[in-house]
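Visitor: with the sequence up front, the predicted model follows.
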Amino acid sequence: MSKQINVALIGNPNTGKTSVFNALTGLNQKVGNYPGITVEKKEGICKLPRGVKAHIIDLPGTYSLNASSLDENVVIELLLNKKDKDFPDIAVVVSDVENLKRNLLLFTQIKDLEIPTLLVINMADRMDRKGISLDIDYLEEHLQTKIALISTRKNIGIDKLKNLITNYKDISITPCLNASQIDKTYFDNLRKAFPNQLLYKLWLVITQDVNFGKTSRKEIEAVTNFKTKSKTDLKRLQQKETIKRYQFINNVLKVGQTIDTSQAKDLRSKLDRILTHKVWGYLIFFAILLTIFQAIYDWSGIPMDFIDTVFASLSEWTKNILPSGAFTNLLAEGIIPGLGGIVIFIPQIAFLFLFIAVLEESGYMSRVVFLMDRIMRRFGLSGKSVVPLISGTACAIPAIMATRNIENWKERLITILVTPFTTCSARLPVYLIIIKLVIPEGRLLGLSYQALTLMLLYLIGFGTAVVSAYILDKVMKIKSKTYFVVEMPNYKLPLFKNVALTVIEKTKSFIFGAGKIILAISIILWFLASYGPGEQFNNAENIVKTEYASQNLNEENIQQKIASHKLEHSFIGITGRAIEPAIRPLGYDWKIGIAIISSFAAREVFVGTLATIYSVGSEDVDTITNKMAAEKNPITGGALFTFASGISLLLFYAFAMQCMSTLAIVKRETNSWKWPTLQLVIMTIFAYIVALIAFQFLN
Ligand code: GDP
Ligand code: MG
């Protein structure tokens, strides 16, 4: 079998690289990260004619080879490093027929690296409407390349593209621009010093300061006996390069492209006027957000309940058909619920990304950024942070995954770090039960205190997120250039294939990225709650039966007592007792300690755990509330859940990072354990301090 052809898809943002990538690879794609950084790496396999296969990489969008962001660096480093296993046999530059001039700048730069470079002109379906016509033969001749005029939307020209890739060896590698045109003496000297190196490549190394192979800028300076010029001189030469390139492009397009401008852009400008309007723009965006938010809540509720039931019955069923024992318990109480804890997130993730993909694809997201950027940037966030922050109120997992649309790494990281402060739906059961317990039922101006408290908790969550973003922005020293939105893309009907692939890819990356960690921690928590050392745990059944022998309890009550006795003496129970001295100043006892530890699996587990400890059969809120209300503080003898301890607990849940799934997804999205660890430590300490102050002050 012959070697695979390495193909790199390169192009300005929004030219349709990903659409071309999808058209070529279909479902044969995988998404990962470039080593050490968080730029997404998409690769896939394409079957070409005559049994040839191509390995295709969808590179991040870049305007030119003059790198200004992490994403653009990826492109340069790949193109300059022949040793890279992904080094392209052929570079496919994807351009958009409506922005050919700007797109060709990058094309000429890549061609000058003397890699076979193919030009794809995408969105051919829009030529008629825009009055554009092209003389492809003329363009091919003067750009010294082969051109595929395609439309991924109408599925036109893809086969021709595949043919051109297969025959990549026929493509000329003559450069477009002779580098000496920029500054004759300078480049002649450079050539003398490095007779065997490609001149344009040396030039990029000097101006870009990128690492590739052996030759570094310092070495070049050492070998050439003249200085490589000052920074300002280099900048001036770079500008000169750009001017020369545009002269070349203009000359080619003057003959190769005709645009009949009488065809208007009226619809677009009308839509823009409304969607970015000072009032209507925000209102429409807000309405869209509400719809998304409602959908994540309501629509995913049904499949989520279904998944919940299925996994519960699966556990039940496993217990019934397998012989009882440690393995069955591991399966029924550890692994199956753990898997359920992964699958349960899928509906929310799928719905959120369905919406986001449609917003991105249609071109609307760029207007949102334009609208929200000014406000959000004051807090170190991006216009696009609005979507994660709002959807964080449903669940932080899909919200954090949604930050991938934020190009600027610092803004994205800050959004990831603060999103868990927004009140997610898992906190709701905890809030409801504690509010019911400690907040009086009265009303203030017709509004119930309980409802006000709940609303206050949501506001606190959102406020903390914004304030911490502001602080992080000031504290964190991360250089990351703001993505400059050069222009707004046109409005388009979303491509179904792109939307579907986004949804599938996000779901897959959650399951295989964060899912593993979630499953592992579920099993550990199960183990800690199901096993314990010593007589008290292992002989729980006899101990409880003897203790209650005189009371004549029915079988169900006895079983509940046994379960709660076991939990008390399990490893988790022992840990709960061990941390009691630390949490007593917050107004909690060891039972709440157990519930706090086990709600690390998911916050809503809090209620279930307390139910077991107080040995209530059902999780019906009323009975638990009654039991909780009756619970006595072992020291004061008064009620355990007072106004002070209740508020303290509410605040603790508002701030603490008690969600392994969130930590797992942060690890996946930042590609390091550093950030989730910091989140866990800082948020927990902060929660502790706030809860401590609240309790001591109110008590
Ligand atoms: P990328 O940023 O270069 O990866 O571009 P995408 O593949 O994400 O596409 C950007 C936008 O162009 C999306 O809204 C696509 O639906 C749209 N698009 C892609 N190909 C075509 C096409 O052939 N015709 C039209 N009209 N739109 C397209
Ligand atoms: Mg893309």
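Guide: Received, thanks. Ligands and ions are numbered 1, 2, ... in the order given.
Visitor: the residue of the stretch 501-650 of the chain found nearest ligand 1: helix or strand, and which one exactly?
Guide: For the stretch 501-650 of the chain and ligand 1, the shortest gap (Cβ to the nearest ligand atom) falls at residue 502, measuring 9.2 Å. All C-beta atoms are positioned from the backbone trio N, CA, C, and that covers glycine. If you go by DSSP states H and E, residue 502 is part of helix 496-509.
Visitor: which strands or helices does that helix pack on?
Guide: Using 3 or more Cβ pairs under 8 Å, 6 or more residues apart in numbering; DSSP states H and E, the elements in contact with helix 496-509 are helix 17-25, strand 29-33, helix 346-362, helix 396-401.
Visitor: next to ligand 2, which bits of this structure? Give me the list.
Guide: Proximity of the chain to ligand 2, by Cβ under 5 Å from the ion, involves residues 17-18.
Visitor: centroid residue for the chain?
Guide: Note on the chain: the residue nearest the mean C-alpha position is residue 401, at 2.6 Å, using Cα atoms, centre = their mean.
Visitor: that residue and ligand 2: what is the separation?
Guide: Separation of residue 401 from ligand 2 (Cβ to the ion, to the nearest Å): 16 Å.
Visitor: hmm, that residue is touching residue 508, no?
Guide: No: the criterion here is Cβ atoms under 8 Å, and residue 401 misses it with residue 508 at 11.4 Å.
Visitor: re the thing from before, residue contacts, the residue nearest to the centre of the chain?
Guide: Residues counted as contacts of residue 401 (Cβ atoms under 8 Å, 6 or more residues apart in numbering) are 349, 352-353, 506, 509-510, 665, 669.
Visitor: in space, what's closest to residue 367 - neighbours in sequence excluded?
Guide: Excluding the flanking residues, the one nearest residue 367 by Cβ to Cβ, 6 or more residues apart in numbering is residue 275, at 4.8 Å.
Visitor: what does residue 595 give?
Guide: Take residue 595 and drop its neighbours on the chain: the residue closest to it by Cβ to Cβ, 6+ apart is residue 609, 4.3 Å away.
Visitor: that older thread, what about the residue nearest to residue 367, neighbour count?
Guide: When neighbours are defined as other Cβ atoms under 10 Å, residue 275 has 20 of them.
Visitor: then residue 611?
Guide: Per other Cβ under 10 Å, the neighbour tally for residue 611 reads 23.
Visitor: what kind of secondary structure is it in?
Guide: helix (DSSP: H, G, I helix; E, B strand; the rest coil).
Visitor: now it: how far from residue 560?
Guide: Distance of residue 611 to residue 560, computed by Cβ to Cβ, to the nearest Å: 9 Å.
Visitor: same check on residue 421?
Guide: For residue 421, the distance to residue 560 equals 36 Å [Cβ to Cβ].
Visitor: now do residue 112
Guide: Taken as Cβ to Cβ, the span from residue 112 to residue 560 is 77 Å.
Visitor: have a look at these two and say which one is more surrounded.
Guide: A side-by-side neighbour count of residue 112 and residue 560, using other Cβ under 10 Å, places residue 112 first with 25 against 18.
Visitor: wait, doesn't that one sit right on residue 174?
Guide: No: judged on Cβ under 8 Å, residue 112 makes no contact with residue 174 at a distance of 9.5 Å.
Visitor: where does the closest residue to ligand 2 within the stretch 551-699 of the chain land on pLDDT?
Guide: Closest residue of the stretch 551-699 of the chain to ligand 2, Cβ to the ion: residue 669 (17.5 Å). On pLDDT, residue 669 comes in at 89.
Visitor: show the contacting residues for it.
Guide: Residues counted as contacts of residue 669 (Cβ under 8 Å, 6+ apart) are 38, 400-401, 403-404, 416.
Visitor: was I right about residue 365 contacting residue 382?
Guide: No: the pair residue 365 / residue 382 is not scored as a contact, 11.3 Å apart, by Cβ under 8 Å.
Visitor: between these two, which one's more packed in?
Guide: Taking other Cβ under 10 Å, residue 365 and residue 382 do not tie; residue 382 has more neighbours (25 against 19).
Visitor: what values do phi and psi take at the nearest residue to that one once chain neighbours are set aside?
Guide: Of all residues not flanking residue 382 in the chain, residue 411 sits nearest, at 4.0 Å (Cβ to Cβ, 6+ apart). Torsion angles at residue 411 (phi, psi; degrees, to the nearest 10) stand at phi -60, psi -40.
Visitor: can you check the pLDDT for residue 411?
Guide: At residue 411, pLDDT is 88.
Visitor: that one contacts residue 379, correct?
Guide: No: assessed by Cβ under 8 Å, residue 411 is found out of contact with residue 379, at 9.8 Å.
Visitor: who has more neighbours out of the two?
Guide: More neighbours surround residue 411 than the other of residue 411 and residue 379, with 27 against 20 (other Cβ under 10 Å).
Visitor: please report how far that one lies from residue 671.
Guide: Residue 411 sits 17 Å away from residue 671 when distances are taken as Cβ to Cβ.
Visitor: close to ligand 1: what parts of this protein are there?
Guide: For the chain, the contact set with ligand 1 under Cβ under 6 Å from any ligand atom comprises 11, 13-19, 61, 122-123, 125-126, 151-153, 361, 492, 494-495, 498.
Visitor: low-confidence ranges in this protein?
Guide: Residues of the chain meeting the criterion pLDDT under 70: 1-2, 31-39, 67-71, 209-231, 261-266, 297, 479-487, 513, 615-624.
Visitor: check contacts around the residue in the stretch 151-300 of the chain positioned nearest to ligand 2.
Guide: Taking Cβ to the ion as the measure, the stretch 151-300 of the chain has residue 152 as its residue closest to ligand 2, at 11.7 Å. The contact partners of residue 152, by Cβ under 8 Å, 6+ apart, come to 16, 19-20, 22-23, 122, 158, 495.
Visitor: now it, nearest residue through space, not along the chain?
Guide: residue 19 is the one closest to residue 152 (Cβ to Cβ, 6+ apart), at 3.9 Å.
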